[in-house]
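Visitor: Build me a model from this:
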Amino acid sequence: MIPNITRGSRMAGLMVYLVSTDADKTKNAHTDPHLVAGDAAIMAWYDDGVLDKDDAAAISKHLDQPRKAFGVEVRVKDMVWDPVKKQRVFAGYKDASVWHCSLSLRAEEGALTDQQWGDIANDFVDAMGFTEASGKAQCRWVAINHGTSENGNHHIHIAVSLVREDGTKASTHGDYARAQKTCRALEAKYGLEELSSVHATRGYERAERATAARDQREMHRASLARKVRASATASGSEAEFVRRARDTGLLVRPRYAKDTTDVIVGYSVAERPKPGERPIWFGGGTLATDLRLGQLRQEWTDTPQAATEAAAEWNAAARNKRKAFTNGPENRAPSADAWVEYTRNATALADQLRTIPRDDHATWAKAAREVSGAFAAWSYRLESTPGPLAATAAELSRTAQLRAPRQHGKPVALPSIAGTAMLFMAASSKDKTAAQTALMVQLINTAFAVYEMHAQSGRAREAQRIRSVVENQLAPFTATMPKPVTVGAEQPPAEKAAVQPRAVDIARRGMAPIRPGSVVPMTPTPATPATTYQPNRGTGPGLDR
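Guide: Below you'll find the predicted structure:
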């Protein structure tokens, strides 16, 4: 459940919007706006009938009565964007007595009943401190069900007057964080999708989708995230990351700590604009939680020399100057043995993931991050427009993101395939090779391990998304690739001959069919818990039938 908070000064204007059903005058017209919860007086006056403008006027007058009776003003700082300073600046104070929050379900969750929404709304305003449950006088409030949005999200709107019945002001300090925490608790209580443990990606605004469709191109954030993820996964240091990101055509600029010009605490990226256009910048954390600079730095060695080199590259990027170092690893061709080494590592990773507890989110996130980065790098090298590799990278990136990383422990040591992204980005040709096929098979097996984790954890939606992208997009792509090479000279010729067609079949077929009534794929032997899987060289349970 996703909360979205805004503040305003006109309760009447908000209520008119919330009850509007006029598609010509309202961007988000509503077909059946009706009450599901509110303070005692509101619920005594109104039933569950559709609200109209007269109702809106009466409800807003009721909600606003304490503020007008006591003559109380609720004011907050007004911060506006200064195009010269390129930052938000203080512009005075503004009225903000109206607190408004929408609570939305993901489209895949379907709809809730009015009773369920009413219970959720009452619990939510209690937890936010707006009712007598806080030990203070209550605020007047109302919750209106808007049904399903044009994006498929079933949702309600909650409007609260921040002047309590006794004329005191309700505090909204930390309301964004408190709303998120409250939603996590309500998800568990009402059996909703728990976004605290399910890994999710950032949403896209309607304007971004419209612009992308108009220009027939990948959305800014999707394109940026793919290139940043590929560059980060392929890099062994922060300085290398900056150089690789610039090599993909990105504009990169650092964010310095306050009052410093050498302490980098974040970054922003943008696609290089067309002549006459301005770049559109996005912070790393707005692309994905695992692409924040602090998260990326956990994968790189931290030494004084590395910090100095990174600062030099950030400063060069900020000034759009040449790279500070030109002999980095990104300019060296990897050895032929590297393909064999990382294919073995990917095989070992897929095997060992099946021994990892399903609730070890940090370890699963790290593994998914590396596999997603590998597919993102391959997509950058092979796909001029986003295709199956980009789709697979995007789907796995969901699992790579933890909403609250500090609440999770450190991931356990596993075979690393981070260098796989380096191999793909260093490929000198867009031609597919047998070595790539062998590595692809093991990357698919790793993706299947992530699929199993979600399926056996009861997260059927997440499992189905991974299954769908592998079956419908990645498998047809893999069918066009050359036969894979066999890794491991220790195998006898007869075994090698058997492995190759089997691996091609695995890559071409993707996930195996699911038994009726089961979220776990069919296997030749009875399914066992994820913590007791035995290594299965070159395949995954349910793939080899």
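Visitor: And the pLDDT for Glu471?
Guide: Note on Glu471: pLDDT of 86.
Visitor: any idea how far Arg465 is from it?
Guide: Separation of Glu471 from Arg465 (C-beta to C-beta, to the nearest Å) stands at 11 Å. Yep, even glycine has a C-beta here, placed from its N, CA and C like the rest.
Visitor: what's the answer for Gly236, then?
Guide: The gap separating Gly236 from Arg465 is 31 Å, by C-beta to C-beta.
Visitor: circling back: so between Glu471 and Arg465, which is more surrounded?
Guide: Neighbours per residue (other C-beta atoms under 10 Å) separate Glu471 from Arg465, with Arg465 holding more: 19 against 15.
Visitor: where does the protein have low pLDDT?
Guide: Applying pLDDT under 70 to the chain picks out residues 22-31, 47-48, 86, 108, 151, 194-220, 403-409, 428-431, 484-545.
Visitor: so what's Thr392 up against?
Guide: By C-beta atoms under 8 Å, 6 or more residues apart in numbering, the contact list for Thr392 reads 372, 375, 447, 469-470, 473-474.
Visitor: For those, work out which two are farthest apart.
Guide: Farthest-apart pair in the contacts of Thr392 is Ser372 and Gln473; separation 14.6 Å (C-beta to C-beta).
Visitor: Quick check: Tyr176 touching Ile5?
Guide: Yes. With contact defined as C-beta atoms under 8 Å, Tyr176 counts as touching Ile5 (6.0 Å).
Visitor: Looking at these two, which is more packed in?
Guide: Ile5 (16 against 12).
Visitor: Find the nearest non-adjacent residue to the more buried one, please.
Guide: Nearest non-adjacent residue to Ile5, counting by C-beta to C-beta, 6 or more residues apart in numbering: Cys101, 4.7 Å away.
Visitor: The one you found belongs to a strand?
Guide: Yes. Judged by DSSP: H, G, I helix; E, B strand; the rest coil, Cys101 forms part of a strand.
Visitor: What distance do you get for it to Glu395?
Guide: Distance from Cys101 to Glu395, counting by C-beta to C-beta: 30 Å.
Visitor: thinking again about what came up before, Ser372 and Gln473: which is more packed in?
Guide: Ser372 (31 against 18).
Visitor: could you measure the more buried one against Met422, distance?
Guide: Distance, Ser372 to Met422, by C-beta to C-beta: 15 Å.
Visitor: do the same with Ala377
Guide: 8 Å.
Visitor: Please apply the same query to Ile158.
Guide: 49 Å.
Visitor: ok, now Trp364?
Guide: 23 Å.
Visitor: Which helix or which strand is home to His62?
Guide: Taking DSSP states H and E as the criterion, His62 maps to helix 53-70.
Visitor: what comes up buried for the helix or strand harbouring Ala188?
Guide: Secondary structure assignment for Ala188, by DSSP H and E: helix 175-190. Buried residues in helix 175-190, counted by 16 or more other C-beta atoms under 10 Å: 175, 178-180, 182-184, 186-187.
Visitor: List the neighbouring strands of the helix or strand hosting Ile156 plus their orientation.
Guide: Using DSSP H and E, Ile156 maps to strand 154-161. Strand pairing for strand 154-161, using DSSP bridges, gives strand 98-104 (antiparallel), strand 141-148 (antiparallel).
Visitor: Which one of those lies nearest to Pro254?
Guide: Judged by C-beta to C-beta, the one of these that comes nearest to Pro254 is strand 98-104, at 34.4 Å.
Visitor: Ala137: neighbouring residues, count only.
Guide: A total of 15 residues lie near Ala137 under the criterion other C-beta under 10 Å.
Visitor: swap that for Gln298, sorry
Guide: When neighbours are defined as other C-beta under 10 Å, Gln298 has 12 of them.
Visitor: now do the one 5 residues further on
Guide: Around Thr303 there are 10 other residues, counting by other C-beta under 10 Å.
Visitor: got it, and Asp359?
Guide: Neighbour count for Asp359, taken as other C-beta under 10 Å: 11.
Visitor: got a list of contacts for the helix holding His62?
Guide: The contact list for helix 53-70 (C-beta under 8 Å, 6+ apart) reads 11-12, 14-16, 18-19, 41-42, 45-46, 51, 72, 74, 97, 140-142, 159-167.
Visitor: Could I have the buried ones of these as PyMOL selection syntax?
Guide: With 16+ other C-beta under 10 Å as the criterion, this PyMOL line picks the buried residues out of the contacts of helix 53-70:
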select buried, resi 11+14+15+18+19+42+46+51+74+97+140+141+142+159+160+161+162+163+164+165
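Visitor: if you look at the contacts of helix 53-70, which of them are in helices?
Guide: Among the contacts of helix 53-70, DSSP state H puts 11-12, 14-16, 18-19, 41-42, 45 in helices.
Visitor: sorry, back to before: with distance to Ser60 as added columns, please give the strands paired with strand 154-161 in CSV.
Guide: Output for the strands paired with strand 154-161, formatted as CSV (distance: least, C-beta to C-beta, whole Å):
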stretch, distance to Ser60
strand 98-104, 9
strand 141-148, 9
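Visitor: Of all these, which one is nearest Arg332?
Guide: strand 98-104 (48.3 Å).
Visitor: So what's the gap between the closest one and the chain middle?
Guide: Per C-alpha atoms, centre = their mean, to the nearest Å, the displacement of strand 98-104 from the mean C-alpha position of its chain is 22 Å.
Visitor: Excluding residues flanking it in the chain, which one is nearest Asp166?
Guide: Closest residue in space to Asp166, ignoring its immediate chain neighbours: Ala137 at 4.1 Å, by C-beta to C-beta, 6+ apart.
Visitor: wait, what's in contact with that neighbour?
Guide: Here Ala137 is in contact with 164-166, 168 (C-beta under 8 Å, 6+ apart).
Visitor: Which of the three states applies to Asp119?
Guide: Three-state assignment for Asp119 (three-state DSSP): helix.
Visitor: Mind exporting the C-alpha coordinates of the helix or strand containing Ala37 to PDB?
Guide: Assigned by DSSP H and E, Ala37 belongs to strand 34-38. This file holds the C-alpha atoms of strand 34-38, laid out as PDB (Å, rounded to 0.1, in the frame of the first residue of the first chain):
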ATOM      1  CA  HIS A  34     -18.300   7.700  -1.700                       C
ATOM      2  CA  LEU A  35     -17.500   7.700   2.000                       C
ATOM      3  CA  VAL A  36     -15.900   4.800   3.600                       C
ATOM      4  CA  ALA A  37     -14.800   6.400   6.900                       C
ATOM      5  CA  GLY A  38     -14.600   9.700   8.800                       C
END
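Visitor: Need the residues that contact it.
Guide: By C-beta under 8 Å, 6+ apart, the residues outside strand 34-38 that reach it are 42-43, 46-51, 114, 117-118, 121-122, 141-145, 156.
Visitor: Can you tell me which of the residues you listed are buried?
Guide: Using 16+ other C-beta under 10 Å as the burial test, the contacts of strand 34-38 include 42, 46, 51, 117-118, 121-122, 141-145, 156 as buried.
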